[in-house]
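Trainee: Fold the following, please.
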Amino acid sequence: MPDGKEKTHRRVYVLPDELVSRILTFQMEMGLSSEVEAARRLLDDALKSRDTPQTLVARFVARLKETRIPAEVAKDVLVGHPLVQRIIFSEGQIEFGMKGGHEVRIWADGRYEVFDENENRIDFGPKPARPRRSAEMDDDIPF
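Mentor: Below is the predicted model of the structure:
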């Protein structure tokens, strides 16, 4: 059973003075209690801006396996996300629209549908194995 605490890792990074100054300014402007929290929020926001419909759906479905309550997952994964423009809560499903026109529908059982800006359904099925090129193959015959 999860203990409610998010796992963390301690890391040490060497940053230029100018970047540290910008982080400290952000900390003060946001009224955050620590420099670490300021850096954590800045990194999280920057990484969220790189999300794709596929990564957002994968994160939502993974959290849904733990939580089983779509509204709770939506609160943690979708609310405030820089690429999510709207969220609709329905009985047993969550729908959300993303910048760029993608529309996503996720059911409580983990099924989902994703449509692009032209209303074409997108399949995030497993990627096929990449065929090996002849240069990667062993040219020696073992007999």
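
Trainee: Contacts only, for the residue most central in space within the chain.
Mentor: By C-alpha atoms, centre = their mean, the mean C-alpha position of the chain lies nearest to residue 56, the distance being 4.3 Å. Contacts for residue 56 (C-beta atoms under 8 Å, 6 or more residues apart in numbering) come out as 77-78, 81, 83-84, 98, 104. For glycine as for every other residue, the C-beta is placed from the backbone atoms N, C-alpha and C.

Trainee: Kindly report the same for residue 39.
Mentor: Shown in contact with residue 39 (C-beta under 8 Å, 6+ apart): residue 23.

Trainee: which ones are touching residue 111?
Mentor: By C-beta under 8 Å, 6+ apart, no residues touch residue 111.

Trainee: Repeat that for the one 5 residues further on.
Mentor: Residue 116 is in contact with 101-102, 122, counting by C-beta under 8 Å, 6+ apart.

Trainee: ok so, going back, quick check: the residue nearest to the centre of the chain vs residue 95, distance?
Mentor: Remark: distance between residue 56 and residue 95 (C-beta to C-beta, to the nearest Å) = 13 Å.

Trainee: quick one: common contacting residues for these two?
Mentor: Counting by C-beta under 8 Å, 6+ apart, the common neighbours of residue 56 and residue 95 are residue 104.

Trainee: Break this structure into its domains for me.
Mentor: 17-48, 53-122 (automatic domain parsing).

Trainee: Break down this protein into its helices, ranges please.
Mentor: Secondary structure of the chain (DSSP state H): helices located at 17-30, 35-48, 53-67, 70-77.

Trainee: got those as CSV, with mean pLDDT columns?
Mentor: Formatted as CSV, those follow (pLDDT from 0 to 100):
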stretch, mean pLDDT
helix 17-30, 97
helix 35-48, 95
helix 53-67, 92
helix 70-77, 93
